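# Have a look; sequence and predicted model below, questions after that.
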Amino acid sequence: MLTIQPSSPSKTYLLVASGILAVLAIRRLAEASRRAKIDAALPPSPPGLPIIGNIHQLSGNPPEIVFTEMSKELGPIFTLKMGVQRWIVLNSIEVVKDLIVERGTIYSSRSLSDVSIALARGDQGAQIPFMTYGEEWKEIRRIAHSALTKTKINNYQRTINVRTNAMLKSLYEASRSSPDSAVNPAEIFDFYTVSTIFAIIYGVDIEPNDERIKKCNQVGHDVLMLITPSEQLAEFLPVLKILRRETLRRAIQVRDNLERFWGEQVFGLKKRLQEGTTIESVMGQIMTSRGSEHLSDLQLTHIGSVLSFAGSEAMSITMRWLCAVLAHYPEVQEKAFAEIEHVVGHNRLPNESDEERLQYVQCIILEILRYRAAAPVSIPHATSKDDTYRGYTIPKGTTIVINIHAIHHDPKRYPNPEVFSPERHMDYVLTTNKSTPEFSERPHLAFSTGRRVCVGMNVAERVLFIGIVRFLACFRVEFATDARGERVPVEIVKYKVGNGATCIPLQYKVKIVPRHGGVAGLVGSEL
Ligand code: HEM
């Protein structure tokens with residue numbers, strides 16, 4: 001008769017343990033084979049290393065340059081394995097149109113890191129760029145968008161004019177106070193854009209030494225320090241997350257400071273609205289418009305902070321690039337000045353109603369946004385569903401990078417892309433129906449496209465137009481000379497990558513020369 005011997009406890013443990021191990025191993029194998037299947041169907045990928053994949057290939061050069069080089073080998077859509085994450089990089093206008101525009105419901109989410117969730121409270125907060133695609137984001141974005149339409153921006157024209165003239169005055173004074181009139185305009189442009197945005201968003205006027213500027217810069221800087229590439233590494237290699245407790249604690253501290261500072265701005269505006277002492281502002285519009293009564297103070301704080309912070313740096317970067325590029329292209333400046341003289345004359349500054357007739361100036365602005373887009377890889381999107389495209393599989397949760405730089409430097413679209421040539425946009429300016437151009441006819445994608453397109457685009461375009469046209473009407477940019485009489489170089493090929501993957505010109509100094517004797521009077525005028 002068969003007798004079953006009770007197994008010893010150690011044998012039982014062994015059996016159970018080996019059972020568990022077997023199940024784990026099978027699961028791992030199944031997972032590995034599932035991943036291998038998905039990987040095989042992904043768009044092509046450059047060879048990578050075990051575990052880290054392609055991460056190491058992104059060190060050194062700016063990401064947009066690395067991606068553009070890779071796309072020459074791999075085609076307009078390719079995959080990068082960033083540790084445990086998959087990135088798919090889009091490098092042509094056709095692919096961007098097919099996926100970001102036409103399949104916007106799938107390609108408009110964000111993949112949020114632990115740090116960005118801690119900083120912005122994820123979808124519970126209202127920091128638009130840090131929200132996934134869904135009803136909350138749609139609602140907050142709709143509210144922000146309706147306060148930033150082209151018609152609404154007309155209400156801030158006087159504010160923009162006043163701030164622009166303050167910038168011209170600072171440039172004029174800076175050029176007079178330095179013996180060789182060599183000026184580093186970066187700080188002046190920074191103050192111009194931050195003070196203009198503050199005035200438009202909250203209806204307040206701030207001076208250069210205002211404490212709010214310092215605090216706003218500090219809070220912004222603290223946020224950017226938390227989203228540096230090294231902080232992102234833990235998202236690719238989760239084993240590093242153990243080391244990140246301190247970073248997460250810091251993120252919460254930074255968020256508290258951010259909410260305190262921007263909360264004070266909302267509170268101040270609320271008080272002015274109750275007292276009837278405020279002027280028109282975007283946040284005032286949002287706080288009093290029908291349909292936004294349910295917004296909490298925290299949501300208002302987040303919306304106000306993001307609208308103030310998201311755009312002013314990008315606008316300043318664009319002004320800094322233009323000033324640097326103009327030093328290299330005197331003929332562009334002369335042509336623009338001749339157009340301004342013809343349309344506006346010398347006795348007043350150009351304004352928004354002159355825009356239609358200042359076609360060459362319009363081309364200059366389009367060209368600087370193409371030539372050096374402030375955010376050349378946009379803000380990464382993420383897929384919210386599995387998809388198939390051109391026979392490839394694109395799984396849910398994939399990070400999608402729009403390589404704006406590659407599109408802006410595609411020689412088929414822009415012959416000699418490294419030449420700054422405003423003329424290339426003249427046909428568009430003269431003939432295209434600018435409010436609804438064909439997608440392929442768009443002169444640039446600096447504001448990205450699709451459902452996530454920059455919500456502050458109308459403000460940015462208006463501020464850049466007034467800032468740039470008045471700058472061109474008042475000044476000529478020349479190379480400065482050093483003590484030996486030699487030209488001080490201004491770098492326009494190499495640049496710095498900012499923490500938000502922005503493309504920032506290296507520090508430079510140029511001569512800012514007033515165009516004529518009437519400039520002193522013009523820059524001192526109120527409007
Ligand atoms: C030259 C100036 C500017 C440039 C080049 C620029 C560029 C961009 C880009 C590339 C994006 C990412 C879009 C995407 O995810 O595909 C973006 C998003 C955004 N921008 Fe701008 N921007 C500028 C000015 C502004 C201004 C002035 C504001 C606010 C008044 C603003 C507010 C935003 C917001 C809130 C988002 C997030 C949109 C979302 O996630 O739905 N931007 N911008």
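Received, thanks. In this text, all values refer to a predicted model and were calculated from it rather than measured experimentally.

# quick one: which helix or strand includes residue 388?
Under the criterion of DSSP states H and E, residue 388 resides in strand 387-389.

# Identify all contacting residues around that strand.
When contacts are defined by CB atoms under 8 Å, 6 or more residues apart in numbering, strand 387-389 is touched by residues 77, 98-99, 103, 106-107, 393-394. Placement of C-beta: from N, CA and C, glycine included.

# ok, so of those, who is nearest the ligand?
Nearest to the ligand among these: residue 107, at 9.6 Å, using CB to the nearest ligand atom.

# OK, contacts around the closest one?
Counted by CB under 8 Å, 6+ apart, residue 107 has contacts 99-100, 381, 383, 387, 400, 450.

# For the residue lying closest to residue 235 once chain neighbours are set aside, give me its contacts.
With sequence-adjacent residues excluded and distances taken as CB to CB, 6 or more residues apart in numbering, residue 235 is closest to residue 113, at 4.8 Å. Contacts for residue 113 (CB under 8 Å, 6+ apart) come out as 227, 231-232, 234-235.

# So which of those sits lowest on pLDDT?
Lowest pLDDT within those is found at residue 231 (73).

# For it, list the residues it contacts.
Neighbouring residues of residue 231 by CB under 8 Å, 6+ apart: 113, 115, 244, 247.

# Look up phi and psi at it.
Dihedral angles of residue 231 (phi, psi; degrees, to the nearest 10) stand at phi -70, psi -30.

# Distance-wise, check it relative to the ligand.
To the ligand, residue 231 is 20 Å away according to CB to the nearest ligand atom, to the nearest Å.

# Ok, residue 452 next?
For residue 452, the distance to the ligand - CB to the nearest ligand atom - is 4 Å.

# before we move on, back to that, which of the contacts of residue 113 lies closest to the ligand?
Distances from the ligand to the contacts of residue 113, taken by CB to the nearest ligand atom, are shortest for residue 227, at 14.2 Å.

# Which pLDDT value belongs to the nearest residue to the closest one once chain neighbours are set aside?
Counting by CB to CB, 6+ apart, residue 499 is the residue found nearest to residue 227 once chain neighbours are left out, at 5.9 Å. Listed pLDDT for residue 499 reads 78.

# For the closest residue to residue 236 other than its chain neighbours, give me the backbone phi and psi.
Nearest residue to residue 236, sequence neighbours excluded (CB to CB, 6+ apart): residue 83, at 3.1 Å. Main-chain dihedrals, residue 83, degrees, to the nearest 10: phi 60, psi -120.

# count of neighbours near residue 83?
By the measure other CB atoms under 10 Å, the count of residues near residue 83 is 19.

# With residue 328 instead?
For residue 328, using other CB under 10 Å, the count is 12.

# What pLDDT is listed against it?
98.

# list the contacts for residue 172?
With the criterion set at CB under 8 Å, 6+ apart, residue 172 makes contact with 474-475, 512, 514, 519-520, 523.

# want to throw these into TSV with pLDDT and neighbour count?
Shown next, in TSV, are the contacts of residue 172 (pLDDT from 0 to 100; neighbours: other CB atoms under 10 Å):
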residue	pLDDT	neighbour count
474	97	26
475	96	26
512	94	25
514	93	19
519	93	18
520	90	14
523	87	22
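
# Please flag which of the residues you listed sit within helices.
Secondary structure from DSSP state H places 474, 519-520, 523 of the contacts of residue 172 in helices.

# ok, back up a step: hmm, residue 50 and the residue nearest to residue 236 touching each other?
No - Residue 83 lies out of contact with residue 50 (CB atoms under 8 Å); the separation is 10.7 Å.

# ok so, going back, what about the residue nearest to residue 227, which SS state?
coil (DSSP: H, G, I helix; E, B strand; the rest coil).

# so what's it up against?
Residue 499 touches 224-225, 227-229, counting by CB under 8 Å, 6+ apart.

# From the residues you listed, list the buried ones, please.
With burial judged by 16 or more other CB atoms under 10 Å, the buried subset of the contacts of residue 499 is residue 227.

# Name the residue of the stretch 351-500 of the chain with the shortest distance to the ligand.
residue 456 (2.0 Å).

# Which of the helices or strands spans the nearest residue to that residue once chain neighbours are set aside?
Distances taken as CB to CB, 6+ apart put residue 311 closest to residue 456, at 4.4 Å, once the chain neighbours are dropped. Per DSSP H and E, residue 311 falls inside helix 297-328.
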